[in-house]
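> here is the input, now give the coordinates:
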Amino acid sequence: MAEPAPTTTTPSQDPPPSDPRGSKARQLLGMKGAGAGETSIWKIRLQLMKPITWIPLIWGVLCGSASSGQFTWSVETVLVVAACMLLSGPLLTGYTQTLNDFYDRDIDAINEPYRPIPSGAISVPQVVVQILLLLGAGIAVAYGLDRWAGHTFPTITALSLGGSFLSYIYSAPPLKLKQNGWLGNYALGASYIALPWWAGHALFGELNLTIVLLTLFYSMAGLGIAVVNDFKSVEGDRQMGLASLPVMFGVGTAAWICVLMIDIFQGGIAAYLVAVHQNLYAVLLVLLIIPQITFQDMYFLRNPLENDVKYQASAQPFLVLGMLVTALALGHSTVV
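I've put the predicted structure just below:
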């Protein structure tokens, strides 16, 4: 996935205060505002991988399996889907998040100096080893899934390599796509919606042009979701010359761009479902969009700097449920 023009201030160099009962969990999940203090190297490594960000990718695999119209319930297929979720979530999203923290360590020193790398909780060589191990494991699992699916062309391996390269150019110079608010956020949105969807679909069905185009269209809503993450680092992005949408347009206008992208492109998917005579699914999707709009008004548009996490927690469940509704509609249309 505006308010009356809030002012921004340079973030404090001290870890933010937090509830001691929830602080450790927030820290390990990689959530914004989680304080420092962890000493276990394995927990620090997990924090770098930001488990909270795995959920949309894992869900995307489920949606892709559903949209194939050929998934059948058995122990074997459930284990295969779980392996694909491991690939998309902990391994390659973990790789992406660790890589991003590696290249963002200077920005994090401004915005979140208590993060593992700028705080010195983990060394740069240790981070590099983690990046390479996660990437290697991800490609190995992808190859195994291609072998299971009997692919003549290693579709899932190719998707994994392409997604990993996209993650690299998103974070790393000289391209560093995240420097461009539009291109970078669309790359992020496509990575979170289209790529895992394609992988799940390819496990059981043919990855066709219709699925590719629809999920790329859906990824425009993902662009809006990606913009939400830019509000936590406005000051650091401005100082480092990154042209995020809040930096380019201001916080208020960027918030409106964010919510309109989310709502309009989901509405477009609903219209497509009507066009292919999946009317019930279209109605269900619209009913899921309505509470999103409500939470956008309640939280995000009124104060995106303070309410970004609260908005994501309240509204994103409806977005991901809408993805599954769409996937079931597409899977149903392939078998009727």
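> what are the boundaries of the strands in the protein?
Taking DSSP state E, the chain contains no strands at all.
> which helix of it spans the most residues?
helix 304-335 (DSSP state H).
> ok, and the closest non-adjacent residue to Leu285?
Ala270 (4.5 Å; Cβ to Cβ, 6 or more residues apart in numbering). Yep, even glycine has a C-beta here, placed from its N, CA and C like the rest.
> with Arg45 instead?
Gln130 (5.8 Å).
> with Gly94 instead?
Met49 (3.5 Å).
> now Phe71: phi and psi?
phi -70, psi 130 (degrees, to the nearest 10).
> need the contact list for it.
Taking Cβ atoms under 8 Å, 6 or more residues apart in numbering, we find Phe71 in contact with Ser65, Thr77, Val81, Phe204, Gly331.
> can you list the neighbours in contact with stretch 281-292?
Under Cβ under 8 Å, 6+ apart, the answer for stretch 281-292 is 1, 262-263, 266-267, 269-271, 273-274, 315, 318-319, 321-322, 325-326, 328-329, 332.
> which of those count as buried?
In the contacts of stretch 281-292, burial by neighbour count holds for 1, 262-263, 266, 269-270, 273, 315, 318-319, 322, 325-326, 328-329, 332, counting by 16 or more other Cβ atoms under 10 Å.
> between the residues you listed, which is nearest Ala254?
Using Cβ to Cβ, Met1 comes nearest to Ala254 of these, at 11.9 Å.
> then stretch 159-166 to CSV, C-alphas only?
Provided in CSV are the C-alpha atoms of stretch 159-166 (Å, rounded to 0.1, in the frame of the first residue of the first chain):
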residue,chain,number,x,y,z
LEU,A,159,12.0,-16.8,-11.1
SER,A,160,14.2,-17.1,-8.1
LEU,A,161,17.3,-15.9,-9.9
GLY,A,162,15.3,-13.0,-11.5
GLY,A,163,13.8,-12.0,-8.2
SER,A,164,17.2,-12.2,-6.5
PHE,A,165,18.7,-10.0,-9.1
LEU,A,166,15.8,-7.6,-8.8
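> pull out the buried positions in that stretch.
Those would be Leu159, Ser160, Gly163, Ser164, Leu166, for stretch 159-166 by 16+ other Cβ under 10 Å.
> ok, stretch 40-54 next?
Quick answer for stretch 40-54 (16+ other Cβ under 10 Å): Ile44, Arg45, Leu46, Gln47, Leu48, Met49, Lys50, Pro51, Ile52, Thr53, Trp54.
> okay, now the closest residue to Ala109 other than its chain neighbours: neighbour count?
Closest residue to Ala109 apart from its sequence neighbours, by Cβ to Cβ, 6+ apart: Pro118 at 4.1 Å. Using other Cβ atoms under 10 Å, Pro118 is surrounded by 19 other residues.
> so where do the helices sit in the stretch 201-336 of the chain?
209-228, 234-240, 245-249, 251-275, 279-295, 304-335 (DSSP state H, counting those that start in this stretch).
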